[in-house]
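Asks: Fold the following.
(2 chains)
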There are 2 protein chains.
Amino acid sequence: MHKKIVVIGAVAAGPKAACHLKRLQPEWDITVVDQDNLISYGGCGIPYYVCGDVSDEAELRSTSFHMVRDVPFFEKAKGLEVLIRTKALSIDRKNKVIQAENLDTGKQLELPYDKLMLATGARPFVLPIDGAGLDGVFTIANLHKAIEIKQRISKGLVSRAVVIGGGAIGVEMAEALTDLWGVETALIEFMPQLLPRIVDWQFAAMLKTHLQEKNVAVYINEGASAILGDGNGKVTGVQTPERILEADLVIMAAGVRPRSELAQKAGLSVASWGGIVVNQRLQTSDPDIYAAGDCIAVTNLITGKETYAPLGSLANREGRIVGDNMAGLASRFKGVVGSFIMKAFDRCIGATGISYEVALSEGFDADYALIAPSDRAHFFPGEAIAVYQLVFDRSSRRVLGMQGFGVMNDSVSARIDAAAVMITNNAVIEDFRDAEMAYAPPFSAAIDSINAAAFVADNLCANRLRKVDMDRFLAWMKDFSLEPDWVALDIRHPLESGPFVEKFGPKRWVAVPYAEIRGRQAEVPEDKTIIIICDAGTRSYEVQIFLDHIGQKNTMVLSGGFNVVRRIGVDWYPK
Amino acid sequence: MHKKIVVIGAVAAGPKAACHLKRLQPEWDITVVDQDNLISYGGCGIPYYVCGDVSDEAELRSTSFHMVRDVPFFEKAKGLEVLIRTKALSIDRKNKVIQAENLDTGKQLELPYDKLMLATGARPFVLPIDGAGLDGVFTIANLHKAIEIKQRISKGLVSRAVVIGGGAIGVEMAEALTDLWGVETALIEFMPQLLPRIVDWQFAAMLKTHLQEKNVAVYINEGASAILGDGNGKVTGVQTPERILEADLVIMAAGVRPRSELAQKAGLSVASWGGIVVNQRLQTSDPDIYAAGDCIAVTNLITGKETYAPLGSLANREGRIVGDNMAGLASRFKGVVGSFIMKAFDRCIGATGISYEVALSEGFDADYALIAPSDRAHFFPGEAIAVYQLVFDRSSRRVLGMQGFGVMNDSVSARIDAAAVMITNNAVIEDFRDAEMAYAPPFSAAIDSINAAAFVADNLCANRLRKVDMDRFLAWMKDFSLEPDWVALDIRHPLESGPFVEKFGPKRWVAVPYAEIRGRQAEVPEDKTIIIICDAGTRSYEVQIFLDHIGQKNTMVLSGGFNVVRRIGVDWYPK
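Replies: The predicted model follows:
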């Protein structure tokens, strides 16, 4: 019964599987190999190390009880054999042997195995552009790079930086550089928005505006066409189709790709984009070889399709499942809903499931409920507006995703987590409506945002609520001729609506306060399409219902209202 | 199709149902009656009003857009008729008429209805003891009481207070009095713990210790036998079996009871304890009469039994469901899992589902996983230890409940909410293990507390982990003769374990650091029962596995470890 286990990769999934398996099968010999000398670190902590929140890189390699997870730790505390600076070169599946090499001595090793785990992780995508190899150009590949970046900054060698890539790591790095070091930082993203395919454009726009408020220069729709250097091979800037951005540090954060060459060479099934194919037991096409972490393809539980989800939290859960299955316990990894959360300066942005844009492209009868409620009881000190969007399928009423944007605390995270576990369970709108969120004024409004979003979705499905899309509204505000027939009905307090009437004229902007609409309905033009506007959208819905009732049905509500508009940021807002 | 609706009660469920129904059926006449003149307020905000966080009581009666919800508001903005200071005296179900009385004029009214809603709420339980009627003795019955309490405090008339009742409102009021006003406050609870039947004793004990740190005098197992007064009818103190507590203000927070006399008189089905019986459509035994909010009996979704859940958040959701059903939309209220969250000074305590104690009393094969993890990545600045307990049924692996205690932020709330929606879905341990909690270092550890708790539960079910109950351990620490055979194996750092060895002696307290156990196993006495101790319990589990492996199986892990012990507070902890 004694078995020999080899684990290739010692960052997250690998050590997790090895340690768990050793507890389940203490007799087994488990060897973990990694080509690096720094192992078992929290890669997600790198931006916080660079910015200085985490002072020593060793903290990223430590346990919660402050022991560094180095080779002696794994050997003494965990009973594993760990070979660092050891590169696995190939897998002889027939004879069940790994060929490896010690990178310091050049010595070749053969590692026999009964069961093998591939936890080879991911590598940053290096853009195929000129100058990518210049001194001062970094990817966030590993701790060594992070240490070098931080050294350069702390030595005062960096005054201007460009971050290429507006995904999570790019945004976090832009914050790290700007916030604590005062480095003049530009963030460029070649797609039309930040966090593409993770959140919808409104959420990306709110994030962008906040980054700009924090002095990050953000350029979207703008890729890096080349990285520029001086005669001595040092980086000097980034060339885009629009401009040259000067820089003495360039961070390339253009995503990561699975490291699956070893699997591919061994003839294992690998997706065209590089993800190692596994079943729910996390076995590869060779049942004695398991794979987990950033190198595998997983199933998106909403679309049922293959996807890529390189996240430390998933790697840890997958690692445990590999350990279970190697030991003979039948645990399954069913897939991901894509839960995501990120701090960006004083804001937090999160998502789970799929975005509206993705839902449309996947062929769902997609719609969304956009709300802008208080994150706690509106009378509780420190309450703040959060913005949430529930994405759902109108035909089946299935909830497909949820996104949130709010001030930096755990409030958005709470709603995203609750949404994620419901979506995993194939939730419909009713499940969100009935979710029993814990309530007290310091934690939420009496009607939790999860419930409120479901109420709006319910109203949309029943066609009680008809909304205008935010992008269409914003386009109209830039150019009224796009919709010559539209008139805004501003139902906010006269102190709020007054400046708008003054700026845009009473023909374009009609102001009737919410509580006075019953009785002043005659002021609403009958022959126009009415865009009803308030701060959050809730009152506008009530007014729409009332106008419907008196026969004026050509109205649309601006969902999320000016709470969203202000966070997106517009240049037409009256002072 | 035109209908006449009467709603009795205008605090939470009533107005919610009325407003929602009016939107669904704008033609219908809806009348809301309430005996009070202050209506539609957030009763849960009263402690925050008393303490001064909320400066004006009108804020508790305002919308999120700062309009006071008074009679003109409901009439003009919502299209409802609202009769305040109007008491419903009886229901003539045969003729479908309410008899009511204007409390100011004495005028009698008849209100015919097609459908009726009872939202009569709850009243505070007044203890049947001497002195309950003295001047200075208050219940938190309504806004008037809150206003009077705050006036007395702000006039400097209150220097010492006693709060009777250690439920949520009692604790919140104790905080309100102590924190901002510096009133010397005692909190007494006649049950053996605070928050009885809501959380288990360890959680109550951590809360109690924190209240004491904040200068609230807490007496548990100690009821009020009388309230004492001077010769002029003014309160002077509270008598308990143990002592006299002087006070110029006494808050009676001994729970609330449903106001169901009207329902009872009308012959509707009412539970023995007073809750109005409703079906999932929230119809009473008369299908034309609905009821919702603090006056109804609901179903506990874990036990399937009748329960009482007077909470503003539920009242709002129930109100909407009454509106739906009255309008002809088939919405259901299935029941509650009992989600609960509370701020107490700098801490937060939450729960959902049922406690271990309740689970045992309900006949479940109950067990619990107690953990004490970081609330975010352990290297992230500001991280703090939280304590969670997952309660589950060993036979079915069904999760029955979860409790959390941590610093005051939304982190516990996030886990309680995610747990609640899973428990609503009849989750088993695997669902908690697989829950995809959004991860980034500022928000959680890479292994979220939800997942970590499930791992421990899984280990317990598999008998890989054997634990000692905290109460048994604490009793032993007070009197080693209770378990003469026990020896502590302290695997923490020698700087931590050293003082314990010194204090308790090397025969009772063996110290072998976690990472050195492989090799120093001979120091662990073979003929004793070994209690393995660390800070959180995680390392202790690993050591237990290792000792099992080498044949030493008489060990038990102190789940939650000294992180929990320190929060409970003990007098034997070495300085």
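
Asks: so for the longest helix along chain A, what's the average pLDDT?
Replies: The helix spanning the most residues in chain A, taking DSSP state H as the definition, is helix A:312-327. Across helix A:312-327, the average pLDDT comes to 97.

Asks: can you check stretch A:129-136 too?
Replies: On average, stretch A:129-136 scores 97.

Asks: To what extent is the nearest residue to A:Gly45 once chain neighbours are set aside buried, counted in neighbours?
Replies: Sequence neighbours aside, A:Leu60 is the residue nearest to A:Gly45 in space, at 4.6 Å (criterion: C-beta to C-beta, 6 or more residues apart in numbering or on different chains). Using the backbone N, CA and C atoms, a C-beta is placed for each residue, glycine as well. By the measure other C-beta atoms under 10 Å in any protein chain shown, the count of residues near A:Leu60 is 25.

Asks: wait, A:Leu60 sits on A:Leu143?
Replies: Yes - if you go by C-beta atoms under 8 Å, A:Leu60 and A:Leu143 touch, sitting 6.8 Å apart.

Asks: Find the residues that touch each one of the two.
Replies: A:41, A:43, A:46 (C-beta atoms under 8 Å, 6 or more residues apart in numbering or on different chains).

Asks: TSV for these, including pLDDT, neighbour count and secondary structure?
Replies: What follows is these, written out as TSV (pLDDT from 0 to 100; neighbours: other C-beta atoms under 10 Å in any protein chain shown; DSSP: H, G, I helix; E, B strand; the rest coil):
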residue	pLDDT	neighbour count	secondary structure
A:Tyr41	91	26	coil
A:Gly43	89	24	helix
A:Ile46	92	27	helix
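
Asks: Output those as TSV; include the columns distance to A:Thr284.
Replies: Shown next, in TSV, are the shared contacts of A:Leu60 and A:Leu143 (distance: C-beta to C-beta, whole Å):
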residue	distance to A:Thr284
A:Tyr41	25
A:Gly43	23
A:Ile46	29
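
Asks: just those now: which is nearest A:Ala462?
Replies: A:Gly43 (46.0 Å; C-beta to C-beta).

Asks: Roughly how far does that closest one sit from chain B?
Replies: Using C-beta to the nearest C-beta, to the nearest Å, A:Gly43 is found at 10 Å from chain B.

Asks: same check, this time on A:Ala438
Replies: Per C-beta to the nearest C-beta, A:Ala438 is found 4 Å from chain B.

Asks: centroid residue for chain A?
Replies: Nearest to the mean C-alpha position of chain A, by C-alpha atoms, centre = their mean, lies A:Phe340 at 4.2 Å.

Asks: which ones are touching it?
Replies: A:168, A:198, A:350-352, A:416, B:438.

Asks: ok, of those, which come out buried?
Replies: The neighbour count (16 or more other C-beta atoms under 10 Å in any protein chain shown) marks A:168, A:198, A:350-352, A:416, B:438 as buried among the contacts of A:Phe340.

Asks: what helix or strand is the nearest residue to the residue nearest to the centre of chain A once chain neighbours are set aside on?
Replies: Among residues not flanking A:Phe340 along the chain, A:Ala351 sits closest, at 4.7 Å (C-beta to C-beta, 6+ apart). In this structure, A:Ala351 sits in strand A:347-353 according to DSSP states H and E.

Asks: C-terminal to that strand, what's the next element?
Replies: Following strand A:347-353 toward the C-terminus (DSSP H and E): helix A:356-361.

Asks: avg pLDDT for that following helix?
Replies: On average, helix A:356-361 scores 98.

Asks: Which elements pack onto it?
Replies: Counting contacts by 3 or more C-beta pairs under 8 Å, 6 or more residues apart in numbering or on different chains; DSSP states H and E, helix A:356-361 is packed against strand A:366-371, strand A:387-393, strand A:399-407.

Asks: out of those strands, which comes closest to A:Pro513?
Replies: That would be strand A:366-371 among these, by C-beta to C-beta, at 21.4 Å.

Asks: phi, psi of A:Cys295?
Replies: Backbone torsions of A:Cys295, given as degrees, to the nearest 10, read phi -100, psi 0.

Asks: Go ahead and confirm it touches A:Pro258.
Replies: Yes - taking C-beta under 8 Å as the contact criterion, A:Cys295 and A:Pro258 are neighbours in contact, 4.4 Å apart.

Asks: ok, these two, which is more surrounded?
Replies: Each of A:Cys295 and A:Pro258 has its neighbours counted (other C-beta under 10 Å); A:Cys295 has more, 30 against 25.

Asks: what about that one, distance to chain B?
Replies: Applying C-beta to the nearest C-beta to A:Cys295 and chain B gives a distance of 17 Å.

Asks: cool, and A:Arg415?
Replies: 8 Å.

Asks: Count residues in the vicinity of that residue, would you?
Replies: 33.

Asks: That one and A:Tyr388 touch, don't they?
Replies: Yes - if you go by C-beta under 8 Å, A:Arg415 and A:Tyr388 touch, sitting 6.5 Å apart.

Asks: shared neighbours, these two?
Replies: Counting by C-beta under 8 Å, 6+ apart, the shared contacts of A:Arg415 and A:Tyr388 are A:402, A:404, A:449.

Asks: So which of those residues reach chain B?
Replies: Counting by C-beta under 8 Å from any C-beta of the partner chain, the subset of these that neighbours chain B is empty.

Asks: and which of the residues you listed is nearest to chain B?
Replies: Set against chain B, the nearest of the shared contacts of A:Arg415 and A:Tyr388 by C-beta to the nearest C-beta is A:Gly404 (9.6 Å).

Asks: Verify the stated contact: the closest one with A:Ala386.
Replies: Yes - applying C-beta under 8 Å, one finds A:Gly404 in contact with A:Ala386, separated by 6.1 Å.

Asks: sorry, back to before: need the contacts of A:Phe340 in a markdown table with pLDDT and distance to A:Arg464, can you?
Replies: Output for those, formatted as a markdown table (pLDDT from 0 to 100; distance: C-beta to C-beta, whole Å):
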| residue | pLDDT | distance to A:Arg464 |
| --- | --- | --- |
| A:Ala168 | 96 | 37 |
| A:Ile198 | 96 | 31 |
| A:Gly350 | 98 | 28 |
| A:Ala351 | 98 | 27 |
| A:Thr352 | 98 | 27 |
| A:Ile416 | 98 | 27 |
| B:Ala438 | 97 | 32 |
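
Asks: roughly how far apart are the residue nearest to A:Gly121 when sequence neighbours are not counted and chain B?
Replies: Computed as C-beta to C-beta, 6+ apart, the closest residue to A:Gly121 that is not its neighbour in sequence is A:Asp294, at 4.5 Å. The spacing between A:Asp294 and chain B, counted by C-beta to the nearest C-beta, is 13 Å.

Asks: now swap in A:Asp535 and tell me
Replies: Distance from A:Asp535 to chain B, by C-beta to the nearest C-beta: 6 Å.

Asks: Quick check: pLDDT value at the residue nearest to A:Gly121.
Replies: Per-residue pLDDT puts A:Asp294 at 97.

Asks: would you turn the helices and strands packed on helix A:356-361 into a markdown table with mean neighbour count and mean pLDDT?
Replies: Formatted as a markdown table, these follow (neighbours: other C-beta atoms under 10 Å in any protein chain shown; pLDDT from 0 to 100):
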| stretch | mean neighbour count | mean pLDDT |
| --- | --- | --- |
| strand A:366-371 | 25 | 98 |
| strand A:387-393 | 27 | 98 |
| strand A:399-407 | 27 | 98 |
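
Asks: need the ones you listed in CSV with distance to B:Arg508, can you?
Replies: Putting the helices and strands packed on helix A:356-361 into CSV (distance: least, C-beta to C-beta, whole Å) gives the following:
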stretch, distance to B:Arg508
strand A:366-371, 59
strand A:387-393, 55
strand A:399-407, 50
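
Asks: Could you tell me which residues touch both of A:Cys295 and A:Pro258?
Replies: Residues touching both A:Cys295 and A:Pro258 (C-beta under 8 Å, 6+ apart) are A:120-122, A:275-276.

Asks: Perfect, I'm done here.
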